[in-house]
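Trainee: What would the 3D arrangement of this be:
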Amino acid sequence: MLKYAIIFALISLFAGAMGFSGVAAGAAGIAKVLFFIFLVVAVVFMVLAVLGVGAARKALK
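Mentor: Numbers count the residues shown, from 1 in each chain. All right, here's what the predicted structure looks like:
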């Protein structure tokens, strides 16, 4: 997901440099949404990893 956010950000930069402001704004909006979804998923996985380590330690005892 982060890969697609970076791709859309690059498309936005290129389109803005070429003068296509509508395309640049759309691509930037998509990049922002994908980046924030990536952040949420990353935080959820980090929390699950921390909780999973604790559960694994309890199961081994």
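Trainee: The helix ranked longest in the chain - contacts with which helices or strands?
Mentor: Longest helix in the chain, counting residues (DSSP state H): helix 21-60. Contacts defined by 3 or more CB pairs under 8 Å, 6 or more residues apart in numbering; DSSP states H and E place helix 21-60 against helix 2-18. Bear in mind the C-beta positions are built from the backbone N, C-alpha and C, glycine included.
Trainee: pLDDT averaged over the helix it packs on, what's the number?
Mentor: The average pLDDT for helix 2-18 rounds to 91.
Trainee: and it, what other elements does it pack with?
Mentor: helix 21-60.
Trainee: quick one: stretch 1-15 to chain centroid distance?
Mentor: 11 Å (CA atoms, centre = their mean, to the nearest Å).
Trainee: Quick check: Ala27 touching Ile11?
Mentor: Yes: with contact defined as CB atoms under 8 Å, Ala27 reaches Ile11; the gap is 4.4 Å.
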